[in-house]
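Engineer: Below is the sequence, then the predicted model.
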Amino acid sequence: MNFIRLLVVMLYLLCLAFVFSAAVIESGLGLSNLSICYSAIIVCLVFYVGSKVVMYMFLVERAHALRAPYLRRTRDWIWLFGMIIVVTGFGSIAIIAFIFPLAEMSPEDGRCRIGLPLKVTIPLLTFDIVINVALTSIFVHHLGPLIRFESNVGGISGNPYMPSHIGGSLKRLFRKSKPRISVSSTLDGDWTTNLNHENMRAVEKLVWKSLIGAVVVMIPTVINLTLLYHWQGREQGWLCFTICTLDATWQVCVVHWLTVDPIEMDSRSMMIGMRDPRVAGDSASTSTVGTAIPLRR
């Protein structure tokens with residue numbers, strides 16, 4: 001199991017654990033006193049921050065697998081910078097959140113109200129949006145060389161291939177990029193056409209799924225934190241649990257959608273090597289015909 005798959009499994013487990021814990025606290029114990037109310041906000045923070053860190057580590061790892069599959073992670077500055085930003089950013093916000101959680105039994109109606117102060121809510125919302133957009137942009141940017149490769153290979157084979165209208169949009173998006181791809185072996189026409197057809201459809205789908213996923217995964221988070229801001233960081237306990245559960249579940253659904261295809265689960269396979277379909281039955285060590293597409297640095 002590679003690191004990307006491990007992160008996806010960890011995200012599933014965190015979501016399941018949060019849903020179970022929320023059900024026990026809300027429906028089992030009931031938010032009936034201050035100690036349980038305080039426990040509720042701590043549970044929300046632990047699983048919320050944990051799931052966010054894992055999800056953004058997943059995005060950093062995908063960018064590394066596409067950008068520099070031959071480099072160790074510790075030698076890839078994008079991976080190092082991304083991990084430092086994710087861990088330190090969410091870590092510092094989480095520390096402040098754990099120091100200043102809001103949990104009280106309302107004097108008006110006697111109900112548990114939990115949340116975070118505005119000095120945590122606003123930075124958390126801003127950081128969440130910025131890091132999501134930044135990591136997705138890096139991932140899509142590094143698909144640009146593959147889009148150019150589609151055009152170059154089409155010219156070599158004498159049979160230019162345009163997967164779809166969306167493929168044309170992608171080509172226009174990346175056509176100003178500098179060439180960053182070299183083909184390390186001679187490609188014959190038949191295999192080139194097959195390579196063009198199969199791999200570029202996968203790249204095209206991966207780009208648009210990544211862009212859509214980056215937008216939709218933020219919807220419940222933005223709603224939740226906006227409501228917290230509106231109520232000055234004090235939501236009713238049941239409402240906070242409901243929205244956080246929807247947020248965690250929606251997040252897992254989006255990541256599952258992004259990784260349901262093996263080539264999307266491990267983008268590294270598109271960069272390390274492309275297998276010749278004529279020898280697909282052979283082992284990986286013999287069927288790769290020197291057509292790795294390393295990025296020049």
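Structural biologist: Yes, it's here. Values in this document were obtained by computation on a predicted structure and should not be read as measured data.

Engineer: CA atoms for contacts and neighbours, from now on please.
Structural biologist: Will do.

Engineer: Would you confirm that residue 236 contacts residue 109?
Structural biologist: No. The criterion here is CA atoms under 8 Å, and residue 236 misses it with residue 109 at 10.6 Å.

Engineer: Which of those two has more residues huddled nearby?
Structural biologist: Set side by side, residue 236 and residue 109 show more neighbours around residue 236, with 20 against 7, by other CA atoms under 10 Å.

Engineer: who's the more buried one bridged to?
Structural biologist: Per DSSP bridges, the residues bridged to residue 236 are residue 113.

Engineer: what ranges of the stretch 151-297 of the chain fall below the confidence cut-off?
Structural biologist: Within the stretch 151-297 of the chain, the segments meeting pLDDT under 70 span 151-204, 206-207, 261-297.

Engineer: And for the stretch 1-150 of the chain?
Structural biologist: Within the stretch 1-150 of the chain, the ranges that satisfy pLDDT under 70 run 1, 67-69, 142-150.

Engineer: all helices for it, in order.
Structural biologist: Taking DSSP state H, counting those that start in this stretch, the helices of the stretch 1-150 of the chain run over residues 3-23, 34-67, 77-99, 118-141, 144-157.

Engineer: May I see the buried residues of the third one?
Structural biologist: Think helix 77-99. 78-79, 82-83, 86, 89-91, 93-94, 97 (16 or more other CA atoms under 10 Å).

Engineer: In terms of secondary structure, what does that helix contact?
Structural biologist: Under the contact criterion of 3 or more CA pairs under 8 Å, 6 or more residues apart in numbering; DSSP states H and E, helix 77-99 touches helix 34-67, helix 118-141.

Engineer: Flag every buried residue along the longest one.
Structural biologist: By neighbour count with 16+ other CA under 10 Å, helix 34-67 contains the buried residues 34, 36-38, 40-45, 47-67.

Engineer: what does the shortest one give?
Structural biologist: Judged by neighbour count using 16+ other CA under 10 Å, the buried positions of helix 118-141 are 118, 120-122, 124-125, 127-129, 131-132, 135-141.

Engineer: same deal with stretch 249-258?
Structural biologist: By neighbour count with 16+ other CA under 10 Å, stretch 249-258 contains the buried residues 249-252, 254-256, 258.

Engineer: same question, stretch 218-225
Structural biologist: For stretch 218-225, using 16+ other CA under 10 Å, the buried residues are 218, 220-222, 224-225.

Engineer: Among these, which lie within strands?
Structural biologist: With strands taken from DSSP state E, there is no overlap with these.

Engineer: which among those residues gets closest to residue 27?
Structural biologist: Of all these, residue 27 sits closest to residue 224, with 21.0 Å by CA to CA.

Engineer: nearest spatial neighbour of that closest one, skipping sequence neighbours?
Structural biologist: Nearest residue to residue 224, sequence neighbours excluded (CA to CA, 6 or more residues apart in numbering): residue 243, at 6.3 Å.

Engineer: Please identify the helix or strand for that neighbour.
Structural biologist: Assigned by DSSP states H and E, residue 243 belongs to helix 237-259.

Engineer: tell me which of the buried residues of stretch 249-258 is nearest to residue 28?
Structural biologist: Proximity of those to residue 28 (CA to CA) peaks at residue 249, which lies at 20.6 Å.

Engineer: mind giving me JSON lines with the helices and strands packed on helix 77-99 and columns for distance to residue 232?
Structural biologist: JSON lines is the format used below for the helices and strands packed on helix 77-99 (distance: least, CA to CA, whole Å):
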{"stretch": "helix 34-67", "distance to residue 232": "15"}
{"stretch": "helix 118-141", "distance to residue 232": "7"}
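
Engineer: Lovely, talk soon.
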